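Asks: fold the following and give me the result.
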Amino acid sequence: QLRPVESGGGLVQPGGSLRLSCASSGFGMELYAINWFRQVPGKEREGVLCISTGNDTTYYSDSVKGRFTISRDSARNTVYLQMDNLKSEDTAVYYCYAQHPIFHTDYWGQGTQVTVSS
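Replies: You can find the predicted model right below:
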């Protein structure tokens, strides 16, 4: 399966933490820049942050700086999104997007719901 699969979403209270995973059995994740996007119903999909093939992090959203981090586990062919100090405005469906930097092939995951509520 070429589509990456997200997991780890759920319901968490404000101030809590979640770790999302993005994994693929169809391609080597280390060859792709991995982006996390999120979307709220009725709004456009928003870029959150990205990890390059060189493991550099780029934040697309200032609102998550200092709270969200992204990392790779090459042995598990997985990328993680660690989300700390969650806020209600972080509630969204989170999507993993893999993008090859040279061949420009790309794959979207199916999304995982994150709900931050007391």
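Asks: rest of the way, CA atoms for contacts and neighbours
Replies: Will do.
Asks: show me the contacts for the most far-flung residue of the chain relative to its centre.
Replies: Relative to the average C-alpha location in the chain, and by CA atoms, centre = their mean, no residue lies farther out than Ser118, which sits at 23.0 Å. By CA atoms under 8 Å, 6 or more residues apart in numbering, the residues touching Ser118 are 12-14.
Asks: and for Asp106?
Replies: Applying CA under 8 Å, 6+ apart to Asp106 gives the contacts 97-100.
Asks: among these, who's most crowded?
Replies: Ranked by neighbour count under the definition other CA atoms under 10 Å, the contacts of Asp106 are headed by Ala98 with 27 neighbours.
Asks: where's it relative to Arg3, distance?
Replies: Using CA to CA, to the nearest Å, one gets 9 Å for the distance from Ala98 to Arg3.
Asks: still on that earlier bit, now render the contacts of Asp106 as JSON lines, adding pLDDT.
Replies: What follows is the contacts of Asp106, written out as JSON lines (pLDDT from 0 to 100):
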{"residue": "Tyr97", "pLDDT": "97"}
{"residue": "Ala98", "pLDDT": "96"}
{"residue": "Gln99", "pLDDT": "95"}
{"residue": "His100", "pLDDT": "93"}
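Asks: which of those fall in strands?
Replies: Secondary-structure check on the contacts of Asp106 using DSSP state E: residues within strands are 97-99.
Asks: identify the bridge partners of Gly47.
Replies: Assessed by DSSP bridges, Gly47 has beta-bridge partners Phe37.
Asks: give me the neighbour count for it.
Replies: The burial metric for Gly47, expressed as a neighbour count using other CA under 10 Å, is 17.
Asks: so what's it scoring on pLDDT?
Replies: The predicted local confidence for Gly47 comes out at a pLDDT of 97.
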